[in-house]
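*Asks:* give me the fold of what follows.
(chains A and B, ligands or ions: 2)
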Amino acid sequence: MEEYIMGNQLEPWKGGIAQTITFVITQDCNLRCKYCYMTDKNKNSVMSMEIGEKAIDYFLTNSDVFISDAVILEFIGGEPLLEIDLIDRITDYFKLRAYQLNHKWFTMYRISISTNGLLYSTEKVQKFIKKNLKKLSIGISIDGTKEKNDTQRVYPDGRGSYDDVVKNIELWQSQFPGASTKVTIGHDDLPYVKESIIHLWNLGLREIPANVVFEDVWKEGDDIIFYNQLKELADYIVDNDMWKDYNTSLFSQGIGAPLNEEELNKNSCGTGSMIAVDAKGNFYPCVRFMDYSLNRQQSYITGNIEDGINRDKVRPFYVLTTKNQSDNECLTCSIASGCQWCTGYNYDQSENGTLFSRDKSICKMHKARVKANNYLWYRLTRERGVKLKRNRGSDKYLFIMLADNSVSFCNYEASAENNISLAEEYLTQAAKDCFENFITPVILHSNNKTLSVRANEIFKGLDYINIYTHDNIDVYSDKDIIYHDSSTIYTETTPKVCCILKVDESELQNLSNYVSKALEFFDRVNINLIYNLQTFDINLYQRQLHEIADRLFEYYKNGNVKQVNAITDELLGVNRRNCNFGYKNFVLAPNGKIYSCPAMYYDKKESYLTDLKGLATNSFLGSQKFNLYNNAVCKQCNILHCNWCFYLSKQSTGEFSVPSSKQCQIAQIEKGVTAYLFNLLQENDIKDFYMNKIENTEFEDPILSRKTYSTSLMNFSYKV
Amino acid sequence: MKNFKIKLLKEEVDEIELYFERMNSLKDLVLVFESDEVFIRNSSMMYEKIVKDLTDTRTKFQLWWTKIIDKYNLQEYNQDQLFVDFLDRAIKLHVQ
Ligand code: SF4
Ligand code: SF4
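*Replies:* Ligands and ions are numbered 1, 2, ... in the order given. Just a heads-up that it's a prediction; the model follows:
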């Protein structure tokens, strides 16, 4: 795979575990940046050496409180370089005391300074840099082009600061190769985002952290300007091959997905575990809790150099999580990952000075950023063959059936009896609504090439998936999913990524032959069995799966990762999900209506949920009865890969939410074969191909589990 | 040669990182003594202790390389050509 850095996260020193101690050395500054959160700049709050020494003594002599193996001494202001002598004396004092006390931080420390760069080349600053170069990092803030920088970063008399900073950049880069500058984007900067990032790259800064401010500064239409800027930047990146050697955090592979349990239980920033000290010797969770950054609330003091940390005051930070700061909209937001906030600003904006709230001023800007990210990653994968390091972002999909005889990818037969095709106006509307609502379109093609070509024109630029019939050969690429059956698979000629392989129950005895054939060309094979629950031969199925597992093992032995859904999903997947139809996934049928799943369309045309307009409204929200986690039987089952189908459930048990025993049996047999493959891999010391440890267990119908058992079953034995 | 990479054990990387960081800390501490004020406030005994500490750490640093070059059969390289990428936990070659 070709290496590239676009979208990578910047790796913090020591993996981010170092204790950060921020010395707010002065509240004075030689600039008056318009977005600066420090609302009360003054010349009277310069830290004294005595306070600096006492603070160092406190931190070094309380190793029971500060347990990290490494420390970052951070100096900020105002403008910290105004007090370079003081920084020099405090850092020298730290080195001496840490050495005398034989403290572990003597070995593992860093000094970090964030500056506007105006004083960078002065003699005193240069002397300090040379003395500390091996342990020092200095970040200079420039906001891109001269025009953008000078709208925001101005002297007290209103003059722009660009020229005075940029003359120091060459020296800075020679002393700190790989240095980066942080770009902060406010309302006035929006029209300059693209050119600013490109400008900084041209200055030789390859990695540009950039973010929009958290504050409530955004006006109507700002999200659209931001999106357009990022989209143009994305085009520049793709067209000039910039993704390989350049990076900006505006594009990240980690954003735009729903939050997982781990993320829900974390806070968005390190506040609370960091500590800031001001000129009076007071401690704060971070500088955003100091008076000078707050407009509405009192400062949040967590201790001081005399009395130490007040543990009760830091207790709330231990329990601060995304869950208890966010409202329901954010907790269930499909694109929440990467949507950040500042806990200090939340606190300041809260009604009654609480940490347990979240300001959402950034919401529409995050949405714009995610849209632009989807656009960039789509172009890179489609046009440049870049392999993404992330899973697809959004968890909602709209399957778009182009015609009645579109590919059928599940346990139902497509019927072309009415032979309707989806009208172009619906396609255009669907493309727009999917884009606006972070729904990934999945186009189910038919044999009608003209229609396929037109659909691709309409969806161009969106992050979407195609499932093609095998004979639509001039239209698809090797990145698309191809639909095969037991005969067409033998006509396949070129390697591709993924196929859906339809096998009828009557052909079950040849399943492993068909899958083996498919594995010759495809990295992943999704078996699509068409079967009847009553007549399905489960033992034959098990034997066939074993043969496929043996085949997979041969591939794995040769270092070749191949996937077959029924066997490897349990091995490789971490999240539990079923097909999600009716809950997160929906179908736009050729009649322009939205259904819970394609089978429902073929079965009963009048069972549609909403018309296409519903996509843009909340009426599109999925029904809980189709949610795997809400179904009384499945929610206590630990099978990850099961293809629980509510449509089959309804047919067999009469209830959407109660699977038939046979469905559970099929899933457990598949898991048993996964365990068989897992054991083969373990015995042969092949470790790279699984994430989960799989144990083989006897079939146990989940209906018999204690939690499901109700008194109505007490009087007779329920035997499968 | 571009892809030359010898993966190290976590303990091996932790050990060399410690020596590397300590050497740098000690070198920086020596510079602190260039200011007379500091020299007077802290005895020259301390200065001598730091210098000795620096020599000892250098020796440990060197022994680590000798041990590792042996273990991973890297004798064909000059030690100056090699470096440890702490993030990647690997020995790599300096780009010439
Ligand atoms: S603020 Fe908006 S974009 Fe961010 S998580 Fe909440 S709803 Fe989603
Ligand atoms: S095996 Fe049965 S209980 Fe478990 S998820 Fe599948 S259908 Fe539900």
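*Asks:* could you pull up the mean pLDDT of stretch A:582-589?
*Replies:* The pLDDT scores in stretch A:582-589 average 88.
*Asks:* count of neighbours near residue 89?
*Replies:* Using chain A here. 17 (other C-beta atoms under 10 Å in any protein chain shown). Backbone N, C-alpha and C define where each C-beta goes, glycine included.
*Asks:* chain B is the one I meant
*Replies:* Neighbour number of B:R89 under other C-beta under 10 Å is 16.
*Asks:* cool, A:S68 as well?
*Replies:* Quick note: A:S68 (other C-beta under 10 Å) scores 16 neighbours.
*Asks:* helix, strand or coil for it?
*Replies:* Using DSSP: H, G, I helix; E, B strand; the rest coil, the structure places A:S68 in coil.
*Asks:* can you pull the pLDDT of the residue most central in space within chain B?
*Replies:* Geometric centre of chain B, nearest residue: B:F20, 3.0 Å, by C-alpha atoms, centre = their mean. Per-residue confidence at B:F20 stands at 96 (pLDDT).
*Asks:* please, which helix or strand holds it?
*Replies:* helix B:10-32 (DSSP states H and E).
*Asks:* output the below-cut-off pLDDT ranges for the stretch 1-150 of chain A.
*Replies:* Within the stretch 1-150 of chain A, the ranges that satisfy pLDDT under 70 run A:1-2, A:35, A:37-42.
*Asks:* just how off-centre is the helix holding B:F20 within its chain?
*Replies:* Computed by C-alpha atoms, centre = their mean, to the nearest Å, the chain-centroid distance of helix B:10-32 equals 6 Å.
*Asks:* hmm, who's touching it?
*Replies:* Applying C-beta atoms under 8 Å, 6 or more residues apart in numbering or on different chains, the external contacts of helix B:10-32 come out as A:92, A:95-96, A:99, A:106-109, A:131-132, A:134-135, B:38, B:47, B:50-51, B:53-54, B:57-58, B:60-61, B:64, B:68, B:84, B:86, B:89.
*Asks:* taking those one by one, which sit in helices?
*Replies:* Residues of the contacts of helix B:10-32 located in helices (DSSP state H): A:92, A:95-96, A:99, A:131-132, B:38, B:47, B:50-51, B:53-54, B:57-58, B:60-61, B:64, B:68.
*Asks:* please check those and keep the buried ones.
*Replies:* For the ones in helices among the contacts of helix B:10-32, a burial check counting by 16 or more other C-beta atoms under 10 Å in any protein chain shown picks out A:92, A:95-96, A:99, A:131-132, B:38, B:47, B:50, B:53-54, B:57, B:61, B:64, B:68.
*Asks:* from the residues you listed, which two are the most distant?
*Replies:* Spanning the widest gap among those are B:V38 and B:I68, at 36.8 Å by C-beta to C-beta.
*Asks:* report the rounded mean pLDDT for the helix or strand where A:L398 lies.
*Replies:* If you go by DSSP H and E, A:L398 is part of strand A:397-401. Mean per-residue pLDDT for strand A:397-401: 93.
*Asks:* where do the helices sit along the stretch 251-400 of chain A?
*Replies:* A:261-264, A:311-318, A:322-325, A:328-331, A:343-349, A:363-384 (DSSP state H, counting those that start in this stretch).
*Asks:* the first one packs against which elements?
*Replies:* For helix A:261-264, the packing partners by 3 or more C-beta pairs under 8 Å, 6 or more residues apart in numbering or on different chains; DSSP states H and E come out as helix A:322-325.
*Asks:* now do 6 Å
*Replies:* The criterion is 3 or more C-beta pairs under 6 Å, 6 or more residues apart in numbering or on different chains; DSSP states H and E, and there are no helices or strands that helix A:261-264 contacts.
*Asks:* and what of the longest one?
*Replies:* Other elements packing on helix A:363-384 under the criterion 3+ C-beta pairs under 6 Å, 6+ apart are helix A:222-239.
*Asks:* may I see the buried residues of the helix it packs on?
*Replies:* So for helix A:222-239, counting by 16+ other C-beta under 10 Å, buried means A:222-223, A:226-231, A:233-234, A:237-238.
*Asks:* next helix or strand past that helix?
*Replies:* Using DSSP H and E, the first helix or strand after helix A:222-239 is strand A:247-248.
*Asks:* who does that next one pair up with?
*Replies:* Strand A:247-248 pairs in its sheet with strand A:207-208 (parallel), by DSSP bridges.
*Asks:* and the partner strand, what's its mean pLDDT?
*Replies:* The average pLDDT within strand A:207-208 is 92.
*Asks:* and for that strand, what are the contacting residues?
*Replies:* With C-beta atoms under 6 Å, 6 or more residues apart in numbering or on different chains as the test, strand A:207-208 has contacts from A:180, A:183, A:197, A:200, A:247-248.
*Asks:* 8 Å instead, please
*Replies:* So strand A:207-208 is in contact with A:5, A:10, A:178, A:180-183, A:197, A:200-201, A:246-250, going by C-beta under 8 Å, 6+ apart.
*Asks:* A:S137 is in what secondary structure piece?
*Replies:* Per DSSP H and E: A:S137 is located in strand A:136-140.
*Asks:* tally of neighbours for A:L10?
*Replies:* The burial count for A:L10: 11, using other C-beta under 10 Å.
*Asks:* try A:H546
*Replies:* Residues within reach of A:H546, counting by other C-beta under 10 Å, total 17.
*Asks:* which residues are in contact with it?
*Replies:* With C-beta under 8 Å, 6+ apart, A:H546 has these contacts: A:673, A:676.
*Asks:* helix or strand: which one has it?
*Replies:* Applying DSSP H and E, one finds A:H546 within helix A:538-557.
*Asks:* cool, thanks, signing off.
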